[in-house]
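S.K.: Mind folding the following:
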Amino acid sequence: MSTTAPETPMKVLVYSDDANTRSQIRLALGRRPAADLPLVEYVEVATQPAVVARLDEGDIDVAIVDGEAQPAGGLGVCRQAKDEVYDCPPVLAIIARRDDGWLATWSRADAVVSLPLDPMALANSVADLLRRRAENRLPAL
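M.R.: Numbering: from 1, shown residues only. Alright, predicted model coming up:
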């Protein structure tokens with residue numbers, strides 16, 4: 001029996017202050033975003049300090065941030081992470097309005113998906129980011 005996907009799950013951090021939004025993201029993405037990737041394990045966080053703490057641990061493969069999160073919006077959290085976290089994982093920003101695309105660029109998000117969530121677009125974007133992370137992860141300090 002031969003499988004192409006690695007066995008170790010990849011960790012996806014999901015940041016939103018809204019538990020319903022986190023649930024929608026998990027449901028839209030599913031357990032395996034692409035056949036060539038392992039299962040994903042979700043790490044849900046609801047505050048900016050929790051995002052920073054989890055990213056500092058160094059075991060997150062992709063972060064998904066809610067641009068509408070309160071009080072710290074996901075785009076600001078993304079920019080902070082890109083500035084401050086060693087080997088920051090790729091970040092996908094979820095924005096409510098297409099016109100917020102410039103903010104996602106400012107935040108240095110690696111990918112952007114607009115609401116309402118399209119499960120295929122989300123899975124494709126996250127799969128691309130997971131593949132990139134697997135190829136480019138830096139060694140631990």
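
S.K.: Tell me which stretches of the chain form strands.
M.R.: 10-15, 40-45, 62-66, 91-95, 111-114 (DSSP state E).

S.K.: quick one, the second one and strand 10-15 angle?
M.R.: Translated: strand 40-45. Angle of strand 40-45 versus strand 10-15, following axes from the mean of the first three to the mean of the last three C-alpha atoms, to 10 degrees, is 30 degrees.

S.K.: before we move on, what about the third one?
M.R.: On the basis of the same axes, to 10 degrees, strand 62-66 is oriented at 20 degrees to strand 10-15.

S.K.: Strand 62-66 packs against which elements?
M.R.: strand 10-15, helix 19-29, helix 48-56, helix 74-84, strand 91-95, helix 119-136 (3 or more C-beta pairs under 8 Å, 6 or more residues apart in numbering; DSSP states H and E). Yep, even glycine has a C-beta here, placed from its N, CA and C like the rest.

S.K.: tell me the most buried of those?
M.R.: Of all the helices and strands packed on strand 62-66, strand 91-95 has the most neighbours on average by mean count of other C-beta atoms under 10 Å, namely a mean of 27.
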